[in-house]
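Engineer: Compute the structure for the input listed below.
(one chain, ligands or ions: 1)
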Amino acid sequence: MRPVGSKYLLEEPLGRGATGTVWRARQRETAGAEAAVAGQPGETVAIKVLKEELAHDADVVMRFLRERSVLLRLTHPNIVRTRDLVVEGDLLALVMDLIDGPDLHKYLRENGPFTPVAASLLTAQIADALAASHADGVVHRDLKPANVLLDERDGRMRPMLTDFGIARLADSPGLTRTHEFVGTPAYVAPESAEGRPQTSAVDIYGAGILLYELVTGRPPFAGATALEVLHRHLSEEPQRPATLPEPLWTVIERCLRKEPAERPSAESLARALRVVAAGIGVHSAPNEVEAALGVGALLTPDPSPAPVPETPGATGVPGAADATQVLPTGSAAAATPGAYDAYDAYDPNAATSVLPPVGAADATSVLPSTGGPGGPGAADPTAVMPPVPGAPPGSPGPGGQPEAPHPWQTQLRAARERNEQTQIQYLDPSEDPLRRRPQRQPQRQAPPPPPRQQPPQSQGYRQAPPPPHYQQQPSYGYPQQQPPQYAPPPPAHYQPQQPQPYQAPQPQPRPQQQPPRQQPPQPPAREPREPRRRSANPMHIPGLGCLKGCLFVIVLFVIGGWLIWELTPLQEWIGTGRGWWDQLWAMGEGVVNWIGHLGGSTGGSTGGGAP
Ligand SMILES: Nc1ncnc2c1ncn2[C@@H]1O[C@H](COP(=O)(O)OP(=O)(O)OP(=O)(O)O)[C@@H](O)[C@H]1O
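Structural biologist: Residues are numbered from 1 along each chain as shown. Coordinates of the predicted model:
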């Protein structure tokens, strides 16, 4: 348990996103007046600890403090409440209500598409949250299923929009550049993709994509690369799934208009979706069906959309003079046909998984290539982005300096990073932002072996097979669909429908969501060898060892013989009564005499034989 400020204790990580790690935490003591919710000691909360690089960016810290009042005052039944903001040293953290339930992305993956009625009612609540925040001048800018938490209470699930303001914090010039969009390619509005001024209409576009995904199981625009997805947003019209009820399609289609001014306001979207839900049920009354069919009239645009701060000309007027149009929309029409099918290889929430193979960017010949196939950066879709309009490729910048990376390069890179889908996973302590101070290492006798190279997660994910439920085409026929497990308050006439032929996806964990890869069992570490003993004969005289052995054996014999002589009745047997040394002497003499005798007898016999 680690403290955050003096008021909170982190207990366990709940998940990690592009901007930080969310922890389950406990309140230690009541927060001060600066907090929106004082809280009680012992209360459980969720705390998002922002990433180190964000916390180290002075601009982000400034924004964090500046946005404090905005974030803390944003309250709505469908918005996750921010209770407190903690700035302590180089730690930035948002204290939120803890939501007990999965996020919508995870729920969708595990349970499949929603029925049109349930999807409409759920999205209506999200639109309510957007209407409240837009009225307060706050644009979310990163609306996607992963940012909708499902609060499970009393057998019901309430969608709760989270991560408000995070996009604004991450949108720091220190980290990005002024025109950068913050978002996720699958959900990003065309004006954001083009670098045009953004308004609250980007959230309506995101809501349209989310609604489409809820009823079909996948977002409308997909592709093999993030860049391709962005082009589809710019150039392609979404296709109506055959079995989608017409009124619901009317709503989706209006939300997905390329022109922001043609999209409905969040308020009218919420109202329209409730009318649609009432009119497409199996037991809808004729007047409700009638009202649903006329839903288009309800989808009135927002007369004064909330501008996204610090986007050039963010006045809600598309095409303002200072807008930076990076992608020529006309040329985007050349997007590779059929690439839609490549969705199976593309997870909309994980653009890191879609880095194309070398040359893949060339196949989609919608962007001028700066390096040509195989040239520098050919494998990186961001590297083939055109230069700033008006400047020839590779030309120096205004100050005679070489052109800095184009905003798009940073944008797409940032988008890829942001798209790493949050996962509940083990948090390596070395990556724990709260443990980044150097830890004292125990002294080692020998240097440790080099660490094993792990393949980067994103690469593994890139090659991962798509989840099975994305490979199959979901059934859109709302009459056959079952009531979703999400149970928003149904209209009075709403009756459970027939079971949907959706097959529950086989649990197939994505590589990124897998627990840290199991290392193959290591053989038990060898006992360190004892240091070699130094020889007592450092000069190493050859043969000395052998000589020593001989001497040792002789000494052994002498001592053994003496013991036998003295301690056994051998003397008596021999009858001499001599001592050991006398006997030994006598034996020696005997041997000498014998040898002398041998010599004499040899000499005598020789001499005797001569005459
Ligand atoms: N208030 C909360 N209560 C409970 N769980 C939460 C809360 N906020 C986030 N989580 C959990 O933590 C995970 C990570 O949240 P986070 O907002 O960092 O993810 P993300 O939206 O994918 O990241 P990002 O928006 O930074 O790209 C979520 O998927 C959710 O499971």
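Engineer: from here on, contacts and neighbour counts on C-alpha atoms
Structural biologist: Fine.
Engineer: and residue 154, how many residues sit next to it?
Structural biologist: Residue 154: 6 surrounding residues under other Cα atoms under 10 Å.
Engineer: so where is the stretch 301-450 of the chain shaky, pLDDT-wise?
Structural biologist: Within the stretch 301-450 of the chain, the segments meeting pLDDT under 70 span 310-450.
Engineer: How about the residues of the chain by the ligand?
Structural biologist: Applying Cα under 6 Å from any ligand atom, one finds that the chain approaches the ligand through 14-22, 46, 96-100, 102-103, 146-147, 163, 418, 421-422.
Engineer: hmm, try it at 5 Å
Structural biologist: 14-19, 22, 98-99, 147, 418, 422 (Cα under 5 Å from any ligand atom).
Engineer: Could you take the residues you listed and lay them out as a markdown table, with extra columns for secondary structure?
Structural biologist: A markdown table is the format used below for those (DSSP: H, G, I helix; E, B strand; the rest coil):
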| residue | secondary structure |
| --- | --- |
| 14 | strand |
| 15 | strand |
| 16 | strand |
| 17 | coil |
| 18 | coil |
| 19 | coil |
| 22 | strand |
| 98 | coil |
| 99 | coil |
| 147 | helix |
| 418 | helix |
| 422 | coil |
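Engineer: CSV please, covering those and showing neighbour count.
Structural biologist: Listed next are these as CSV, based on neighbours: other Cα atoms under 10 Å:
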residue, neighbour count
14, 19
15, 18
16, 22
17, 19
18, 17
19, 20
22, 24
98, 18
99, 18
147, 18
418, 23
422, 24
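Engineer: Looking at the residues you listed, which gets the smallest pLDDT?
Structural biologist: pLDDT across those is lowest for residue 422, at 32.
Engineer: Who's the closest spatial neighbour of the residue in the stretch 151-300 of the chain positioned nearest to the ligand, skipping the chain neighbours?
Structural biologist: In the stretch 151-300 of the chain, the residue that lies nearest the ligand is residue 163 (5.6 Å; Cα to the nearest ligand atom). Ranked by Cα to Cα, 6 or more residues apart in numbering and with sequence neighbours excluded, the top spatial neighbour of residue 163 is residue 147, at 6.4 Å.
Engineer: List the contacts of that neighbour.
Structural biologist: 103-104, 161-163 (Cα atoms under 8 Å, 6 or more residues apart in numbering).
Engineer: Just to check, residue 149 is in contact with residue 106?
Structural biologist: No - using Cα atoms under 8 Å as the test, residue 149 is too far from residue 106 to be in contact (9.5 Å).
Engineer: Correct me if wrong, but residue 163 is in a helix.
Structural biologist: No - using three-state DSSP, the assignment for residue 163 is coil, not a helix.
Engineer: So, low pLDDT: which residues of this structure?
Structural biologist: Judged by pLDDT under 70, the chain has its weakly predicted residues at 1, 165, 167-183, 310-545, 573, 575-578, 580, 601-611.
Engineer: Now with 50, please.
Structural biologist: Applying pLDDT under 50 to the chain picks out residues 174-181, 311-520, 528, 530-539, 603-611.
Engineer: returning to what we had before: tell me, how many neighbours does the residue of the stretch 151-300 of the chain closest to the ligand end up with?
Structural biologist: Neighbour number of residue 163 under other Cα under 10 Å is 23.
Engineer: Name the residue in residue 149 and residue 106 with the higher neighbour count.
Structural biologist: The neighbour count for residue 149 versus residue 106, taken as other Cα under 10 Å, is higher for residue 149 (25 against 16).
Engineer: ok, now which ones touch residue 569?
Structural biologist: Counted by Cα under 8 Å, 6+ apart, residue 569 has zero contacts.
Engineer: Setting aside sequence neighbours, what's the nearest residue to residue 129?
Structural biologist: Using Cα to Cα, 6+ apart, the closest residue to residue 129 is residue 78 (5.4 Å).
Engineer: Please report the distance of that neighbour from residue 131.
Structural biologist: Relative to residue 131, residue 78 is positioned 11 Å away (Cα to Cα, to the nearest Å).
Engineer: Leaving aside the residues adjacent along the chain, what's closest to residue 260?
Structural biologist: residue 201 (5.5 Å).
Engineer: what does residue 262 give?
Structural biologist: residue 301 (6.0 Å).
Engineer: residues touching the one you found, list them.
Structural biologist: Counting by Cα under 8 Å, 6+ apart, residue 301 makes contact with 261-265, 268.
Engineer: which residues of the stretch 151-300 of the chain fall in helices?
Structural biologist: 166-170, 190-194, 201-216, 226-235, 246-255, 266-279, 286-293 (DSSP state H, counting those that start in this stretch).
Engineer: and the residue of this protein nearest the ligand?
Structural biologist: Closest approach between the chain and the ligand, counting by Cα to the nearest ligand atom: residue 17, at 3.2 Å.
Engineer: Angles on the backbone of that residue, please.
Structural biologist: The phi/psi pair for residue 17 (degrees, to the nearest 10) reads phi -120, psi -170.
Engineer: now do residue 48
Structural biologist: Per-residue torsions, residue 48: phi -100, psi 110 (degrees, to the nearest 10).
Engineer: count of residues packed around the closest residue to residue 202 other than its chain neighbours?
Structural biologist: Excluding its sequence neighbours, the residue lying closest to residue 202 (Cα to Cα, 6+ apart) is residue 189, at 5.4 Å. The number of residues packed near residue 189 is 32, by other Cα under 10 Å.
Engineer: same check, this time on residue 268
Structural biologist: Per other Cα under 10 Å, the neighbour tally for residue 268 reads 21.
Engineer: my guess is it meets residue 296, correct?
Structural biologist: No - look at residue 268 against residue 296 with Cα under 8 Å: they stay out of range, at 10.2 Å.
Engineer: Widest-spaced pair of the contacts of residue 147?
Structural biologist: Pairwise distances across those peak at 13.6 Å for 104 and 163 (criterion: Cα to Cα).
Engineer: I'd guessed the residue nearest to residue 129 sits against residue 127; true?
Structural biologist: No - taking contacts as Cα under 8 Å, residue 78 lies outside contact range of residue 127: 9.2 Å.
Engineer: More neighbours: those two, which one.
Structural biologist: Neighbours of residue 78 and residue 127, each counted by other Cα under 10 Å, are more numerous for residue 127; the result is 25 against 22.
Engineer: what about that one, helix or strand, and which?
Structural biologist: Assigned by DSSP states H and E, residue 127 belongs to helix 116-135.
Engineer: Same question for residue 106.
Structural biologist: Here residue 106, judged by DSSP H and E, is contained in helix 104-111.
Engineer: and what of residue 564?
Structural biologist: Assigned by DSSP H and E, residue 564 falls in helix 544-567.
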